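> Predicted coordinates and the sequence they were generated for:
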Amino acid sequence: MSSGRIIAVCTSVKKGTTKADVGSAIVEAGFGIKGDAHGGDWHRQISLLSMEQIGKMKEKGLDVKPGSFAENLTTQDFDLGAVKIGDRLRIGGTILLEVTQIGKECHTRCAIFNKVGECIMPEQGVFTRVIEGGEVSVGDAIELA
């Protein structure tokens with residue numbers, strides 16, 4: 001698996017809503033992205049989704065972009081589908097994430113489903129905890145550590 005890049009860094013103040021691309025953010029070890037609703041002491045501190053998957057939804061006629069599925073980091077040219085639980089991902093020069101979950105169960109039709117009509121995070125989302133923090137910015141490399 002080769003190196004890809006981060007094409008969006010997204011945050012929101014509430015869970016269950018779409019996120020906005022903020023360009024860069026501070027990632028805190030053991031927490032997640034500073035100021036993001038999903039940060040905290042749990043196993044899904046930062047979520048990732050590929051632009052390739054978002055593109056498939058656009059092809060279906062959905063008006064979606066990075067952050068539409070509430071992912072924190074949108075990647076490009078990195079095969080998120082090949083990562084496994086326990087894998088570690090290096091972002092930029094400092095950030096180290098550990099994959100803790102692939103996909104998630106959605107118990108209700110969240111705001112994302114209601115707005116977009118479909119949610120791909122239950123099958124395509126990659127969830128991680130932060131081992132080492134730092135600053136993440138659009139354009140940073142992402143690779144297996």
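Yep, it's here.

> what mean pLDDT does stretch 23-30 have?
For stretch 23-30, mean pLDDT is 98.

> ok, now stretch 127-134?
Stretch 127-134 shows an average pLDDT of 98 in the prediction.

> Nearest the geometric middle of the protein, what residue?
Leu48 (2.1 Å; C-alpha atoms, centre = their mean).

> This structure: strands as residue ranges?
Secondary structure of the chain, counting by DSSP state E: strands at 4-11, 20-21, 24-28, 32-33, 46-50, 73-76, 88-91, 95-102, 126-132, 134-137, 141-144.

> By mean pLDDT, flag the weakest helix or strand of this structure.
helix 111-116 (a mean of 59; mean pLDDT, DSSP states H and E).

> what's the burial count for Asp21?
By the measure other C-beta atoms under 10 Å, the count of residues near Asp21 is 15. To be clear about C-beta, it is placed using only N, CA and C from the backbone, and glycine gets the same treatment.
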